[in-house]
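Any chance you could fold what I've pasted below:
(chains A and B)
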Protein chains: 2
Amino acid sequence: MNNKKPDLKNVDLKVKTYKEMNKEELQREVANLKAEYKRYQDMDLTLNMARGKPCHEQLDLSMGLMDALNSEADLSCEDGTDCRNYGVLDGIQEAKELIGAMMENSPDNIIIYGNSSLNVMYDTVSRAYTHGIMGNTPWCKLDKVKFLCPVPGYDRHFAITQYFGIEMIPVPMTPTGPDMDIVEKLVSEDETIKGIWCVPKYSNPQGYSYSDDTVRRFARLRPAARDFRIFWDNAYGIHHLYDDDQDYLIEILAECKKAGSPDMVYKFSSTSKITFPGSGIAAIATSLNNLEEIKAQLTNQTIGHDKVNQLRHVRFFGDINGMKEHMKKHAAIIRPKFEAVLEILDRDLAPYGIGDWTRPKGGYFISFDAPEGCAKAIVDRAKKAGVTMTGAGATYPYKKDPHDSNIRIAPTYPSLGDLRTAMEIFTVCVRLVYANKLLGEME
Amino acid sequence: MNNKKPDLKNVDLKVKTYKEMNKEELQREVANLKAEYKRYQDMDLTLNMARGKPCHEQLDLSMGLMDALNSEADLSCEDGTDCRNYGVLDGIQEAKELIGAMMENSPDNIIIYGNSSLNVMYDTVSRAYTHGIMGNTPWCKLDKVKFLCPVPGYDRHFAITQYFGIEMIPVPMTPTGPDMDIVEKLVSEDETIKGIWCVPKYSNPQGYSYSDDTVRRFARLRPAARDFRIFWDNAYGIHHLYDDDQDYLIEILAECKKAGSPDMVYKFSSTSKITFPGSGIAAIATSLNNLEEIKAQLTNQTIGHDKVNQLRHVRFFGDINGMKEHMKKHAAIIRPKFEAVLEILDRDLAPYGIGDWTRPKGGYFISFDAPEGCAKAIVDRAKKAGVTMTGAGATYPYKKDPHDSNIRIAPTYPSLGDLRTAMEIFTVCVRLVYANKLLGEME
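Residues are numbered from 1 along each chain as shown, chains lettered A, B, ... in the order given. Below you'll find the predicted structure:
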């Protein structure tokens, strides 16, 4: 968490919070906000903060990737493999080394896949569904399969489990990770619980990172189900915003091995938010036993993934240091955007005592909690003024936020100017919806 | 089929076939062949004709692909989409147009996937297995699912169905396609038959192309199963060996539509043997109803495939004419290899009345039928002299060739010199194994 305090020097400290306002004050507030909202509507804007997409300046950082290989280049690996031809099911050695360094795992524990870690996660669930894990009953043959879903969380994780008819059980997130008391209890008691979705570092949407204690408790889980697996989506492992103030995450494979459960975790990552989303390389890191099982399936699914693109990434970065330097350039572009979001929330909402939000030190999102029962109305209002947010509820399984409160803010894609405008519209919407709600309660 | 007659001018026309030889003559033959075989063994060769892999001269043809995009290039589509970012689930429009022209389908009927059509086929079977087709029971919930498998056929097709526990029923291939009397009868009577694997043009391994009548009978199938689908793997649609003598295949989607069964076929293709295997683009072409169902699943599996690589292929080829010119260069490289194989088979085996083989006008393989009961022994012998062939039996479901006869010859990968040596060793092995077999029968 970013510990910088809200900058209150421009704020009228004598302002009343909405809860302190009487009916008349609130009515005056609503009238002012409506006028302001109308002004924005008349501007006919189209601004998008819905998805964690890099902006074009970030994409420009990787244009050198297009020159990393050319028609004069030798497209052979260090071991002589011609990357242009068929073969190499699990990825070329130098890509395993690069991605291994990125994931903090041995190259021996890695399979390099195609362009999408989401695809790897889907295929991992699908394989468990069709063929089971290590001799256990395939999930499609069971009456009931459940997953734990720390909430708020990542909508595309929930979409995969929902698609396979897996029942999702929400578990509350805290600033140190999922509530481990609940996780431990459920996992040890219920053998229909087969997995848990985790974004352990700079979590989606909060930007929280799991504490050492949380990771150690994960590694020491004693699940009732022998085929329980932790789905560890380390999407933002090296996606820091600050050079000097970064979160640190204990490496889970090593920790599971130490705890005597080496096979309990599948770890996923990709270069989607490092080079080009959709044209990067994705990977799984897991135990040798799990790898063997995966490869026995993978050999039926493909002859091999795109080795030329693997080589392209290796030649572009050289090694992990090249990649880390590259990430600093990303940070320089998106850090001001995160700071602008926080500045506007601090300025426009904090003084009125409205909402809570996180202050991440990395990743792609800021999590905003509106007053209970307001999120849907806020997102709708913003939409009608031309600002697209992630749908309210999207951060919960089945898109059902029981408090109708959480909204994911994705600051990276718009320009800084557009982002400021979008956030100013957003805070007007938050205030308007909340003031109206309080007025309604006074009737 | 290539109708050129074997060139017999160098052949002693008075030679006896093995069947005409008496015991003494066969013994003399075996002694000579053993000496010849020993001579090859002493050469300590390592030659590989196992897989349909392009040779490096073929790969060199596509090196321009590496220059099609560079760091100065605009990586936007014609519609303005930035190919570097997330999005576009079903492929960029210009890639759909290029691949549509290649597949002879409308861009509207196409989804562009990742690097492997095998992966698309696996995912298509997997989706039917986990979720069923158009509201029908998922195959994983059925007691029995069967596929028809024209034989000899493609081992990787059979591997997918075997992996999903689907029972495979062999159907004999003929020079005009699968025996349609059998296909029609089985498909119309047995509702557990859910699919059939087809390589309709320059088939793997024979190089046969389905006749107009065969394709029309396919389109007019009246399956007992509502979720029966034809898996039409048109891997070699534009992979001709000759400019002036090409097979022609009726387009199956149009034919199915005409016959009132627009949804009955999934058609697959890729650029794997056009640019780089493993670094090309793959696609499915099918009806709008099927596409809708596929996209409803795909949206859970990925945010999108590699659009940069799609754009790279479009910029490299320009259009289908560029692709067709490119294929002529492939043909110029591999045609002499096919001709060398046929020349050596014609020279070394035809006069002795041993075996049968196909004379394809395109594709990647020649199918060789050894005398019954000889294929395994021939492949073993070849292996011991340093020549790796596709495993005997590989062209049949469960790797079981009931006649132990079929051997797939893949001429493209070795150099012409190596190929000639490998084929000369192969024919020595064929003769030796067969002569020994005849001698054994005389005991």
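
Can you list the residue ranges for helices in chain A?
A:23-42, A:56-60, A:93-103, A:117-131, A:155-163, A:180-189, A:212-219, A:252-258, A:288-301, A:307-317, A:320-348, A:375-384, A:416-442 (DSSP state H).

Now distance to residue B:38 and mean neighbour count too, for those helices, in TSV please.
Glycine gets a C-beta too; all of them are placed from N, C-alpha and C. Conversion of those to TSV gives the following (distance: least, CB to CB, whole Å; neighbours: other CB atoms under 10 Å in any protein chain shown):
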stretch	distance to residue B:38	mean neighbour count
helix A:23-42	89	14
helix A:56-60	63	16
helix A:93-103	39	22
helix A:117-131	47	23
helix A:155-163	59	20
helix A:180-189	65	16
helix A:212-219	60	19
helix A:252-258	53	19
helix A:288-301	37	16
helix A:307-317	40	24
helix A:320-348	54	18
helix A:375-384	80	20
helix A:416-442	78	19
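
okay if I get these as JSON lines plus mean pLDDT and distance to chain B?
Shown next, in JSON lines, are these (pLDDT from 0 to 100; distance: least, CB to the nearest CB, whole Å):
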{"stretch": "helix A:23-42", "mean pLDDT": "97", "distance to chain B": "26"}
{"stretch": "helix A:56-60", "mean pLDDT": "98", "distance to chain B": "4"}
{"stretch": "helix A:93-103", "mean pLDDT": "98", "distance to chain B": "13"}
{"stretch": "helix A:117-131", "mean pLDDT": "98", "distance to chain B": "4"}
{"stretch": "helix A:155-163", "mean pLDDT": "98", "distance to chain B": "4"}
{"stretch": "helix A:180-189", "mean pLDDT": "98", "distance to chain B": "25"}
{"stretch": "helix A:212-219", "mean pLDDT": "98", "distance to chain B": "26"}
{"stretch": "helix A:252-258", "mean pLDDT": "98", "distance to chain B": "24"}
{"stretch": "helix A:288-301", "mean pLDDT": "98", "distance to chain B": "4"}
{"stretch": "helix A:307-317", "mean pLDDT": "98", "distance to chain B": "4"}
{"stretch": "helix A:320-348", "mean pLDDT": "98", "distance to chain B": "14"}
{"stretch": "helix A:375-384", "mean pLDDT": "98", "distance to chain B": "19"}
{"stretch": "helix A:416-442", "mean pLDDT": "97", "distance to chain B": "16"}
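
Include distance to residue B:226 when you put the ones you listed into a markdown table, please.
A markdown table is the format used below for those (distance: least, CB to CB, whole Å):
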| stretch | distance to residue B:226 |
| --- | --- |
| helix A:23-42 | 51 |
| helix A:56-60 | 46 |
| helix A:93-103 | 44 |
| helix A:117-131 | 22 |
| helix A:155-163 | 22 |
| helix A:180-189 | 41 |
| helix A:212-219 | 46 |
| helix A:252-258 | 46 |
| helix A:288-301 | 27 |
| helix A:307-317 | 40 |
| helix A:320-348 | 51 |
| helix A:375-384 | 40 |
| helix A:416-442 | 49 |
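
Among these, single out whichever gets nearest to residue B:103.
For residue B:103, the closest of the helices of chain A is helix A:288-301, at 21.9 Å, according to CB to CB.

okay, the angle between the closest one and helix A:117-131?
Counting by axes from the mean of the first three to the mean of the last three CA atoms, to 10 degrees, helix A:288-301 points 90 degrees away from the direction of helix A:117-131.

Can you give the contact residues for helix A:288-301?
Helix A:288-301 is contacted from outside by A:89-90, A:108-109, A:111, A:123-124, A:127, A:131, A:133-134, A:262-263, A:266, A:284, A:286, B:118-119, B:122-123, B:156, B:159-160, B:163, using CB atoms under 8 Å, 6 or more residues apart in numbering or on different chains.

longest strand in chain A, by residue count?
Among the segments of chain A that qualify as a strand by DSSP state E, the longest is strand A:167-174.

tell me the average confidence for that strand?
In this model, strand A:167-174 carries a mean pLDDT of 98.

tell me which residues of it are tucked away?
Of all the residues in strand A:167-174, those buried under the rule 16 or more other CB atoms under 10 Å in any protein chain shown are A:168-171, A:173.

Among those, find me the one that's closest to chain B.
residue A:168 (13.8 Å; CB to the nearest CB).

can I assume that closest one is in contact with residue A:150?
No. Using CB atoms under 8 Å, residue A:168 and residue A:150 do not qualify as a contacting pair, with a distance of 10.7 Å.

The closest residue to residue A:360 other than its chain neighbours: neighbour count?
Take residue A:360 and drop its neighbours on the chain: the residue closest to it by CB to CB, 6 or more residues apart in numbering or on different chains is residue A:207, 2.2 Å away. Burial measure for residue A:207: 28 neighbouring residues, criterion other CB atoms under 10 Å in any protein chain shown.

can you check residue A:19 too?
Residue A:19 has 12 neighbouring residues, counting by other CB under 10 Å.

quick one on the thing from earlier: redo the buried residues of strand A:167-174 as a markdown table? Include distance to chain B.
A markdown table is the format used below for the buried residues of strand A:167-174 (distance: CB to the nearest CB, whole Å):
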| residue | distance to chain B |
| --- | --- |
| A:168 | 14 |
| A:169 | 19 |
| A:170 | 19 |
| A:171 | 22 |
| A:173 | 23 |
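
Can you give me the domain assignment for chain A?
Domain segmentation of chain A under automatic domain parsing yields A:18-58+A:324-442, A:75-318.
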